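Chemist: based on what follows, work out the 3D shape:
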Amino acid sequence: MVNKIKRFFKGIGKGGGQSPPPPPFSAFPMLADNQMTHERGGGTSAMPLMPFTSPSESAMPVLMLPSTAAEASGSGSGADEVGLRIDAIRWGLLLPRIPRLVAEATAAGVGAGPANSPHSSRAAAAAAASSAGDDNAEMAALLEMLTQMAPKEIQAQILGFYMGEGSTTASSGNVWGLGGMNASWEQRKVFRQCRRSLLLCWKYIVAQLNDESARVTSELRETYFQLVGLIAERVEFNLSADTSSSSSSGARNGPSRRDNNSGHGGMGWIAGSPTAAPAAAPTSSLDASGSSSSEASSDDSVDGERDLYLYRCLLVATFKYVVENVEGAKARRRSWITIAELQFYAKMSAICFFRVPVLQRMVIDQVYFTYRQKKWTNNATAGGSEDASTSSPNNARPTPDSRSNNRRRSSSRLSSGVTFSGSLARWSEFEGHTLSEPTNDGEDPARDDASANDSNQSAASPSNSYAQPSRAAVDKFKRTNPTLFRWSRYTPYLAPYTDTDVFRMNDAMRLSWLEKLSHDGEFFALFMGYYAQHADLCAVGEPVWNCLPGYPLLVRVSLLVLKEASWSKWLYIRDNTAHSTPSILLNSPSPAADDERAPFELKSIRGVRALMATVPQWLRNRELLESCTLAVFECTNVLNARSVGFCLAKFEEWFSVAAVLVAGETEQLVYRLPRAFAGQTFAIGIRLMLSSDSFETLNLALQFLYNRMDYFDGELRQNILKVLVQRHMSLFLHWNADVRSNYHHLLVYKITRVNRFFLDSPIDHLLLGRHAVMHLESAGGVSDGYHDFDDHLSGGAATASYGNLGGGDSHDNSGGQFQITAAEFSALRTEQALWRAFDACIGAICVQERRNAKEGNRRYQYEIQCARSRAVAFQRLNRKVADDPTPSSSVNEGLPGGKPWLELDLLDEELHREPPYYLRYLPAEEVSSIDELRRLASTLRYPQELQVYASSSLRHYSDLLKKYYRELRKNKFVEAPPLGFM
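Modeler: Residues are numbered from 1 along each chain as shown. Next up, the predicted model:
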C-alpha cells in the first residue's frame, strides 16, 4: 500500500504531460532584500507572528512582527517588538517564509530514505534518530506560524493581499488593471509558492502517516494532525464566488458538464484565484501588457489545475487514512484511539463533508436514519405542547374552560418560560420532512411523514415563532460562498493512473466510520464542533446557518445529545455526592461493548466532558444559545450545589463566547448577549437559585451574576433586577457573611451601569454622611442633583458640560469638564429609576434599625465610656518606651502600660468608635426621605428573625461604599474587583 501511494503521488506531476514538474524549494525566487530567517536558538521571538489583544484598542486583533518591523525601520538588530494591526502587516515579507519552513521541515524526512545494505540501514536509523529533534522543531515552527494565521480575520487579509492591494473586497474577484500588473505578479508568485508548498507538505505528511517503517513519535504525529487540519482549511484552497456562479449559469445554457476529475471542479478555483487569466480586461490593456502576461496566465492555469487535482487527491487520501484507522480499531487491530486522533478524525470528516459531496449525502442519510430509530429520553414533551399552544398565532379558538389559562402570566412563574422541546421548533423542517421525536413508547418512529406533518404543524412550524432568513438572503449566501456548496463530484480512480485501488473503500470500512459517527456521541459532538468551525471560517460574511447542508437535522440531533449529556452529568454528580455505588458513567466502555452501542451514546464521563467542551464551537451560531441553556437548566438540581455550580460554570463560558460587541457612542468595548436569546426561562432559573436555602447555591448564583451581569440587557436585565429586589431582604440580611458580601459587591459595582456619583442616591448620603459625595462636589464644583442640567436640556441644547471629578480647575473647560448628550442623560435617568427600588429596600432596613437603636445606643454609649476609662487608666501607667534600655518589672510587663506607645495609640483609636450616621439625630428632610423610601418597600415582607444581622450588614455595605468613593476620587474611575467562584 505504501509503494502504491508513493507511485501515485510520483505520477501526479507527469501523468498529463502538460505541466512541468514542480521546482524544488531552493529554486523558488525569494525577495532578496527581505530575508526572514528563522532563529530557534537566539533570544528573539521564535515566530514573526504573535497575536494579542489590547482592551484599550479596538476589537481588531493586533499582531507582533518583530522581524518585519526591524527591517522596515532599517535597524538590523536590537529593535523592540512593535504592535501592528492586521491591515499593516507586510504580507509580502511574511508569506514567502512558508515555503522555506516547509522545505526545512520536509528536508530531513526526504533525505533519510530506506537503504539496501544493513550497515546503511543502521546508519540511516541513527541519522533519523539524531535528526528527530530538528524535524520536530521545524514542524513545530511551521505549525506555530500556520496557527497564528488561522483566524478568519487574518485569512481575509491574506486573501486581500493575493487579490491585490487595491481590491475593495476579498471576494470581489476583480481582475487587475494595467497599473498594478507588476505588483500583482509578485503577489501571484507568492500565492503559487505558498499553495504548492503547503500541498507538498501535506503530501509528505500523508506519506509519513501511511509508512509503517517510519518512526513517528506521538508528539510528531499530533503535530502532523494539526498541520493537515490547518492546511486543508487555508484560504489558498477556497473556490471563487463569481466564477462559480458564472459557470453554473453557463452550465444551464451550454453543453453538459464534464465528468473528468479535474476540469469541472477546478474552474471555480482557477478562474477566481489570483492565478486566473485576466480574460475580462479591455483589449487595450491586454495589448499593453504584452505576450509575457498571457504566457504567465496560461502557466498559472496549468499550475492551478495541477494543484487542484493534488488537493482533492490528498483530501481523499487523508480521509481514507481516517477510515482505515477507525475500522482497525473496530476490528481490534489496534487497542485504542487517542483523543488527539479522535479530534483529527472528526475535523477531517467535517471538512470532507463540505468538499466531498458523496460523503455529504452518506453522512446525512446515516444520521437521519439513526435519528428516526433512536428513542430519545429526558425530552419534556408536555412543555413543548404548552409552548406550541402559547406561541402559535394560528391555533384554534379557545374554549370557555381554557380562557382563564390565556391570561397574562407573571414572569416569576415557571410555566411562563420556553422549554427545551419548544426551542427545537426552529429546527423542525428538513428537506420536506418534519422532524419530531416520538412521544409514546409504542409509537412507530418510522411513521408516515405526511401524518406527522399534520399532527405537529402547530407545534413544530418554525414560521410561527422564529424568523426565517429570506429567500434572497439564502440565494446570496449560496452564491457568495461556493466553498461551502459548489464542490462537484469527482472520482480520482477514473484518472489515467495505475494505482486505482488507493482510494477504493469496501463496505466494511464504509460502515465502520458511519457507525462511529452515528453511535459514538463523543465523535459526533466533535464532528459538529468542527462542522460549525469550518462553516464560520470559510463563509464570506455572517453565515446563514439554516441553508448549510444538513444543518437543521444535525443541529437538532446535537441539541438532543446535549440534553442527554446534561442528564448523564447530573447522574454522575448525584452518585459522587451521595457516595453511593458509581454508575456506568464512571467506567470506561469495554471493547466488547462497542458493538452494542445505542445511537449517539455517551458511555463514559470523558464523552460527556468532550461534548460540553464542543458547545462553544456550536455557539458560533448564536441562535443555539437559548436551546443550550434550556438543555442544561432542565437537567440541573437546584437542591444540589455541585449541580448548580456545573450549570453556572457552563453558562459563564457560553455567555462569554456568544456575547456580541455593541456599537455605541462611547469608546469602551461593550458586550451584550445576542438578541435571539430571550432568557425568560433563564430568569426563572436564576429566581429559583436565589430562593434556595443553601448558602452554597446562593453564593454560586451571586458570583455568576457578578461576573456576567454586564451581558444582560433589555427585558432580561429588568427581570433579573426584579428578582433581586424581591429577594433583597433575605440576601442583605442573610446569616452567612459570604452571601452578604457577594450581594454587597453586586449592589455596589454591577447593578447600575453609571457612576454612583451621578445616581444621587439618598441611601449613599445616609450611610456615608455625605462624606465622600461632598468631597467630590467640592472638587469638581458639581451642583447637587440634576436640576441645572434639566433646565439646560429643556432649553433645546443637545449637550451640556459637567464638572471634573479629579480635583482640577473647574474653570478650565479643556480638562475640567466633559460633555454629556441627551441620550446619555436619558440613560442616567433610567439607571436612577432602576436603582431607586434598591434604595427603598435598604432604606426600609435603616428605618427598622433606627427603631431598635434607642436601647442599642444606650448600650453603645456605656461601652464607649468604659473603653475610654480603660484607655485613660492605661495612659496613666508607667509606659515603656520602645528604645528604653531599662527592663520592665514583672508586674507591669503584661499591662498595656508596659507596651510601646504605638500599640497603645492603636488600641485607643480602635476603642474610640462613633455611631454610624444613620443612627444619629437626622435633619427633618432626611427623615422624610427615608420614610418615603420605606413606603415604596412596604410590599416586601421584612424578616424580623434576621434583624440581628442588620447592623453588621449595613456596616460592611458602608465600608464598601467608602472604598468605592475613595477609589473614584483617586483614579477618576472605579474598576470592579474580581469575585470568582468558591
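Chemist: and Glu824, what pLDDT?
Modeler: Looking at Glu824, its pLDDT reads 79.
Chemist: and it, how far from Lys563?
Modeler: According to CB to CB, to the nearest Å, Glu824 and Lys563 sit 43 Å apart. Quick note: C-beta positions are derived from backbone N, CA and C, even for glycine.
Chemist: low-confidence bits of the stretch 751-900 of the chain, can you list those?
Modeler: Residue ranges of the stretch 751-900 of the chain with pLDDT under 70: 770-819, 856-857, 874-900.
Chemist: check the stretch 51-200 of the chain too.
Modeler: Looking along the stretch 51-200 of the chain with the criterion set at pLDDT under 70, you get 51-88, 108-135, 165-183.
Chemist: ok, Glu824 and Lys563, which is more surrounded?
Modeler: Neighbour count, other CB atoms under 10 Å: between Glu824 and Lys563, Lys563 has more, with 25 against 16.
Chemist: tell me the mean pLDDT for the helix or strand hosting the more buried one?
Modeler: According to DSSP states H and E, Lys563 maps onto helix 551-577. What helix 551-577 shows for mean pLDDT is 90.
Chemist: what packs against it?
Modeler: Contacts defined by 3 or more CB pairs under 8 Å, 6 or more residues apart in numbering; DSSP states H and E place helix 551-577 against helix 357-373, strand 429-430, helix 521-538, helix 605-618, helix 625-633, helix 641-658.
Chemist: tell me how many other residues crowd Ile231.
Modeler: 23.
Chemist: in what helix or strand does it lie?
Modeler: Assigned by DSSP H and E, Ile231 belongs to helix 218-232.
Chemist: buried sites along that helix?
Modeler: Neighbour-count burial for helix 218-232, counted by 16 or more other CB atoms under 10 Å, picks out 220-232.
Chemist: could you export the helices and strands packed on helix 551-577 as TSV, including mean pLDDT and distance to Leu514?
Modeler: Compiled in TSV, the helices and strands packed on helix 551-577 are given as follows (pLDDT from 0 to 100; distance: least, CB to CB, whole Å):
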stretch	mean pLDDT	distance to Leu514
helix 357-373	90	5
strand 429-430	86	19
helix 521-538	95	11
helix 605-618	93	19
helix 625-633	94	26
helix 641-658	95	30
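Chemist: include mean neighbour count and distance to Ala598 when you put these into JSON lines, please.
Modeler: Output for the helices and strands packed on helix 551-577, formatted as JSON lines (neighbours: other CB atoms under 10 Å; distance: least, CB to CB, whole Å):
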{"stretch": "helix 357-373", "mean neighbour count": "17", "distance to Ala598": "10"}
{"stretch": "strand 429-430", "mean neighbour count": "18", "distance to Ala598": "22"}
{"stretch": "helix 521-538", "mean neighbour count": "24", "distance to Ala598": "9"}
{"stretch": "helix 605-618", "mean neighbour count": "21", "distance to Ala598": "13"}
{"stretch": "helix 625-633", "mean neighbour count": "24", "distance to Ala598": "19"}
{"stretch": "helix 641-658", "mean neighbour count": "20", "distance to Ala598": "24"}
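Chemist: one step back: buried stuff in the helix holding Lys563?
Modeler: Across helix 551-577, burial judged by 16+ other CB under 10 Å covers 551-570, 572-573, 575.
Chemist: and stretch 728-748, by the same measure?
Modeler: For stretch 728-748, the neighbour count (16+ other CB under 10 Å) marks 728-734, 739-748 as buried.
Chemist: how long is that stretch from one end to the other?
Modeler: Terminal residues of stretch 728-748 lie 14 Å apart, using CA to CA, to the nearest Å.
Chemist: name the SS class of Phe973, please.
Modeler: For Phe973, the assignment made with DSSP: H, G, I helix; E, B strand; the rest coil gives coil.
Chemist: which residues of the stretch 701-850 of the chain fall in helices?
Modeler: For the stretch 701-850 of the chain, the helices defined by DSSP state H, counting those that start in this stretch cover 715-726, 728-732, 737-745, 762-768, 771-780, 787-794, 813-816, 822-851.
Chemist: count of residues packed around Met688?
Modeler: In this structure residue 688 is Leu, not Met. A count of nearby residues for Leu688, using other CB under 10 Å, gives 17.
Chemist: surely it is in contact with Asn637?
Modeler: No. Counting by CB atoms under 8 Å, Leu688 does not reach Asn637; the two are 10.8 Å apart.
Chemist: give me the common contacts of the two.
Modeler: Among the neighbours of Leu688, none is also in contact with Asn637 (CB atoms under 8 Å, 6 or more residues apart in numbering).
Chemist: which parts of the stretch 301-450 of the chain are helices?
Modeler: Secondary structure of the stretch 301-450 of the chain (DSSP H, counting those that start in this stretch): helices located at 339-355, 357-373, 381-391, 420-423, 449-455.
Chemist: what is the neighbour count of the nearest residue to Tyr311 once chain neighbours are set aside?
Modeler: Nearest residue to Tyr311, sequence neighbours excluded (CB to CB, 6 or more residues apart in numbering): Phe237, at 5.6 Å. Residues lying near Phe237 (other CB under 10 Å) number 21.
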